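S.K.: Structure, please.
(2 chains)
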Protein chains: 2
Amino acid sequence: MNIGVIGGGQLGRMMALAALPLGIRLVFLDPSDSACAGATGVLIQGQYDDAEAVSRLLAETRRVTFEFENVPPATIAQIAEQQPAYPSAQALATARDRWAEKALFQRLGIALPPVAAIDSQSDLEHAVTQIGLPAVLKTRTLGYDGKGQKVLRNAEDVIGAFAELGSVPLVLEGFIDFDHEVSCIGVRAIDGEVRCYPLVRNEHRQGMLYRSEPLAMHPLQAEAEAALTAVMDALDYVGVLAFEFFVQAERLLANEIAPRVHNSGHWTIEGSPASQFENHIRAIAGLPLGETRQTQPVAMYNLIGQLPDLAAVLAIPGCHWHSYDKAPRAGRKLGHVTVTAATQEALEQRCFALEALLCNDLGG
Amino acid sequence: MNIGVIGGGQLGRMMALAALPLGIRLVFLDPSDSACAGATGVLIQGQYDDAEAVSRLLAETRRVTFEFENVPPATIAQIAEQQPAYPSAQALATARDRWAEKALFQRLGIALPPVAAIDSQSDLEHAVTQIGLPAVLKTRTLGYDGKGQKVLRNAEDVIGAFAELGSVPLVLEGFIDFDHEVSCIGVRAIDGEVRCYPLVRNEHRQGMLYRSEPLAMHPLQAEAEAALTAVMDALDYVGVLAFEFFVQAERLLANEIAPRVHNSGHWTIEGSPASQFENHIRAIAGLPLGETRQTQPVAMYNLIGQLPDLAAVLAIPGCHWHSYDKAPRAGRKLGHVTVTAATQEALEQRCFALEALLCNDLGG
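M.R.: Numbering: from 1, shown residues only, chains lettered A, B, ... in the order given. Now for the predicted structure:
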């Protein structure tokens, strides 16, 4: 079976590496003729809304998925008229709209930080009186890694802020104190079965994910799984969904969902019997889901902007290099390294050795 | 870096799946335009001794290896004049010649069953008086999975047997009683470092590998590693080498070596921090070797001739499917399944469930 993938970046590339052993080939649609997933499958060059390119994709596939959320939901809806497309256009539309996802959290009784929908400067001024400052103003759609948002620290920052972000639909999110950020990655099959990986603790630098480490037996695991399951059931979701939370005084506050495999789940390639990539493909293909338990101590580091020395990293035992085969550029995710060990103590020593080699260039 | 691979079968395919995360692409030379490694790299169609095809390969690569031993050593020797080729032509020539490998074992003091070189019918008759019957007569080169050999059970079988096998150089191997067969897979780096995986117990059916399971802490591990290291050092070997032994009354008797990644090492993909495929590529590329310890209980089953139901296999927890994307045909290796579990007991239950689904067609 061939599966089509809208987008041909590193997430698609890692999906293909998981799909090939299952006898499944991926066909990618990407605007770039050098999209890095091309080395692992068939690459069709074209814009996501290019009807002719989409037709060529569909001629070679029997099901379609996507690897990032900036695909127009209308594209997925049109594809779904011809062959199964997962996750659905509705799930995609909800996840890529900050207000729609937060309204869903509220409707499902999932705790979240203060938030308001902003459709005008007067909406904003009213919301600031409710939520207080500081707060973050964000576009409802298409923001990514800190783009399309503005931190409002004082009354002066509020003046003209709606126009400054383009007079498009926005949300205002209240600042909260939190201990750290975690994510939970789950997968839902066509028959509704849900499996979740252990909670992952995430560390960011300049708004980009720097390090993820799963936390086995976390006391908030059940709460996270309940939220993830409620959201996936509500969306009749098929495939992998990532749910990011803030941990505040031993409770979870929902941050956002991503309707796809997720950077904070890359550790599952080495750390779980079935990786997030394999489980996403299994779900899309209608195959039984694989085990999601953690098999060994593991942590993941992103390689951003500039790669460390490959040989030096591989000389550290238990280090697994994942190149995305992309040209270096400040702020660009070029790969990741997963560190494994038989004990937590050995893991920490190996992480310490790896951190000394990293030379990330975040730009900015 | 691109690495060239002579041969484009499943071993090359699995090498590519290990090489891509390291940022290394493989370029395959294979006589078939549908060689199954083609889905994972660039495929150049041509005979192994086709000078023009080899030139096209070398134009795209910086190092060369091979994935099976029926490559002419002269091809490797010619390539080595232009770029590094590992393992060397000499290592290949030794491993594909039954007498050369056995003479090497004898020279290195490695115990092996009775054996004699046979270059004529009178050599054969003399050897039979020394070794006794039953015994197996085999061609020195190019035999594979039970082809090119004849079992001699009585004096009548001996008559004309040299001519029957083509009047080519042969070896006569004495029959021995043995408890079971094991293999040890090792990897040697350019700088001479050697790492070995745990001994693997192998079960064959009709001369084809059916099941492999690593045996952690085996009392003969050190003896196997010593033999493997002696052979690799003697050949100044670079890459993965497989060494098959008979276990007889708590000692090892050398059977044969294969100068490549090996079917009995496929379990390392899930069962070791660095698989045999990754370590072969690391060695060829001049990178540090990866860890070879066993991380969890694991066993591997070959899928031969006919595939079981994919969904039924994946419904068993811990089952990892590896399709080679080859058309079914009796006696053909189509894929393998690796079974993993957290405990030995769970592994045995899962193996039991899997065995009930297998529908191998060995032909013959």
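S.K.: How about the contacts made by residue A:237?
M.R.: A:87, A:88, A:91, A:188, A:231, A:259 (C-beta atoms under 8 Å, 6 or more residues apart in numbering or on different chains). (C-beta placed from N, C-alpha, C; glycine too.)
S.K.: again, but for residue A:148
M.R.: For residue A:148, the contact set (C-beta under 8 Å, 6+ apart) comprises A:138, A:139, A:142, A:165.
S.K.: switch the cut-off to 6 Å
M.R.: Residues near residue A:148 by C-beta atoms under 6 Å, 6 or more residues apart in numbering or on different chains: residue A:139.
S.K.: mind checking how far it is from residue A:136?
M.R.: Applying C-beta to C-beta, to the nearest Å, the value for residue A:148 to residue A:136 is 11 Å.
S.K.: Count the neighbours of the closest residue to chain B within the stretch 1-150 of chain A for me.
M.R.: Minimum separation of the stretch 1-150 of chain A from chain B (C-beta to the nearest C-beta) falls at residue A:23, amounting to 3.3 Å. For residue A:23, the neighbour count with other C-beta atoms under 10 Å in any protein chain shown is 19.
S.K.: And for it, nearest residue in space, chain neighbours not counted?
M.R.: Closest residue to residue A:23 apart from its sequence neighbours, by C-beta to C-beta, 6 or more residues apart in numbering or on different chains: residue B:323 at 3.3 Å.
S.K.: picking up where we left off before, wouldn't the residue of the stretch 1-150 of chain A closest to chain B be in contact with residue B:322 here?
M.R.: No - using C-beta atoms under 6 Å, residue A:23 and residue B:322 do not qualify as a contacting pair, with a distance of 9.0 Å.
S.K.: Enumerate every residue touching residue A:3.
M.R.: Residues near residue A:3 by C-beta under 6 Å, 6+ apart: A:24, A:26, A:61, A:63, A:284.
S.K.: Looking at those, which are in strands?
M.R.: A:26, A:63 (DSSP state E).
S.K.: who wins for neighbours among the contacts of residue A:3?
M.R.: residue A:284 (28 neighbours).
S.K.: How much space separates that one from residue A:71?
M.R.: Noted for residue A:284: a distance of 15 Å to residue A:71, by C-beta to C-beta.
S.K.: What of residue A:98?
M.R.: Relative to residue A:71, residue A:98 is positioned 17 Å away (C-beta to C-beta).
S.K.: so residue A:116 touches residue A:127, yeah?
M.R.: Yes - at 3.8 Å, residue A:116 and residue A:127 qualify as touching, with contact defined as C-beta under 6 Å.
S.K.: what sits in contact with each of those two?
M.R.: In contact with both residue A:116 and residue A:127: residue A:172, using C-beta under 6 Å, 6+ apart.
S.K.: Of the two, which one has the most company?
M.R.: More crowded of residue A:116 and residue A:127, by other C-beta under 10 Å: residue A:127, with 23 against 19.
S.K.: any idea how far the strand or helix carrying that one is from the chain center?
M.R.: Using DSSP states H and E, residue A:127 falls within helix A:121-131. Its chain's C-alpha centre and that of helix A:121-131 lie 30 Å apart, by C-alpha atoms, centre = their mean, to the nearest Å.
S.K.: Now the element after it, going C-ward?
M.R.: On the C-terminal side of helix A:121-131, the closest following helix or strand by DSSP H and E is strand A:135-139.
S.K.: pLDDT weak spots in chain A?
M.R.: In the predicted model, chain A carries pLDDT under 70 at residues A:143-147.
S.K.: Spell out, range by range, the helices that occur in the stretch 201-350 of chain A.
M.R.: Ranges of helices within the stretch 201-350 of chain A are A:221-234, A:268-271, A:276-285, A:310-314, A:344-355, based on DSSP state H, counting those that start in this stretch.
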